[in-house]
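**Student:** Provided below for reference: sequence and predicted model.
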Amino acid sequence: MGYKILKKTAIITGASSGIGKSLSFKLAKENFNIVLASRNFNQLKKIAEEINLSKGTALSVKTDITDIQSCQNLISKTINEFGQIDYLILNAGLSMWSRFDEIKDISKFNELANVNFNGSVNSIHCSLKSLKESSGTIVSITTAQAFIGFPKATFYSASKHALKGFLEGLELETKGKIQFINVYLGWIKNTSLRANAIGPNGEKIGDSHLKHSNKAIELDVCTDLIIKGIKLKKKNIFIPNYLKYIPFVKIFFNKWLFEKISKAVDSEELENT
């Protein structure tokens, strides 16, 4: 085990597709030990095998982050294999695309809040001791909707607001023992978030209902920027960069911003991120 601790170890939730999958391959090339976490174990095994065959180091752990025991199993296996946790990358998430007044059964949206908020909290709680010991880093892959509510994404926006507030409070509590990096994303192509978005009946809407904005960022570009930001230890990473102006615009040009967002969503020019 000793020689492995010389390498940084990163747990990536939601690693079976999209951003999580891309980050897994790229961080493995950066000489990280990669721990892949997702409910889709068959896909995780394929990714881990490919990384290991490419002389990287990867461990796949079937994980349901909404289940605290499953999270504990993830952390135990990681520490048993690699000795410590240096990075916890919170990437797993569910989205939605429905007006609130169109929702038939509100209970079907409990899973969204459970994954986006409770799942991240579970993952952090189980790994907190190890992260403190290693002076580790929590990386939250989130969205511009953590700053501002979006129509047709009420529950999604709320869950991201909640996680942002939780992480800010936790950062104050840990007093520098853990580093926090927030990745605020706009429109990213070729992820499964859109296809898995929940419709008004709790169903997955697939790709047919939403189209990519012409401002959408390619997945490969997105994950390159995330890794660059992590290396530079940037506190906040905005992709695309202009998203950093949203908090300012919301305060001083609130009405204009709301009108612009509403118009874009109503015309379905905007991808639910």
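**Tutor:** Looks like it came in fine.
**Student:** contacts, neighbours, all on C-alpha from now
**Tutor:** OK.
**Student:** Spell out, range by range, the strands that occur in the stretch 151-273 of the chain.
**Tutor:** 179-185, 236-239 (DSSP state E, counting those that start in this stretch).
**Student:** per-residue pLDDT, the residue nearest to residue 191 when sequence neighbours are not counted?
**Tutor:** Using CA to CA, 6 or more residues apart in numbering and skipping residues adjacent in sequence, the residue nearest residue 191 is residue 18, 4.3 Å away. Note for residue 18: predicted pLDDT of 94.
**Student:** how many other residues sit next to residue 18?
**Tutor:** Using other CA atoms under 10 Å, the number of residues around residue 18 comes to 19.
**Student:** Surely it is in contact with residue 194?
**Tutor:** No - contact criterion CA atoms under 8 Å: residue 18 and residue 194 do not qualify, at 10.6 Å.
**Student:** hang on, the earlier thing: separation between the residue nearest to residue 191 and residue 177?
**Tutor:** Distance, residue 18 to residue 177, using CA to CA, to the nearest Å: 30 Å.
**Student:** again, but for residue 62
**Tutor:** 29 Å.
**Student:** what does residue 53 give?
**Tutor:** Residue 53 is 35 Å from residue 177, by CA to CA.
**Student:** Those two - which one has more neighbours?
**Tutor:** Shown here are residue 53 and residue 177; by other CA under 10 Å, residue 177 has more neighbours (16 against 11).
**Student:** list the contacts for that one?
**Tutor:** Applying CA atoms under 8 Å, 6 or more residues apart in numbering to residue 177 gives the contacts 132, 135-136.
**Student:** hmm, 6 Å instead?
**Tutor:** Residue 177 is in contact with 132, 135, counting by CA atoms under 6 Å, 6 or more residues apart in numbering.
**Student:** and residue 188, how far is that from residue 175?
**Tutor:** Distance of residue 188 to residue 175, computed by CA to CA: 33 Å.
**Student:** same thing with residue 135?
**Tutor:** 11 Å.
**Student:** sec struct for residue 89, please.
**Tutor:** Three-state assignment for residue 89 (DSSP: H, G, I helix; E, B strand; the rest coil): strand.
**Student:** quick one: pLDDT of it?
**Tutor:** 99.
**Student:** Residue 268 too?
**Tutor:** If you check residue 268, the pLDDT there is 55.
**Student:** start at 369 instead
**Tutor:** Okay, residue one is now 369; in that scheme the one you just asked about reads as residue 636.
**Student:** Please, where are all the helices along this structure?
**Tutor:** Here the chain has its helices, by DSSP state H, at 386-397, 409-421, 436-450, 478-481, 488-501, 522-542, 587-599, 614-620, 622-634.
**Student:** what packs against the second one?
**Tutor:** Helix 409-421 makes packing contacts with strand 425-430 when contacts are defined by 3 or more CA pairs under 6 Å, 6 or more residues apart in numbering; DSSP states H and E.
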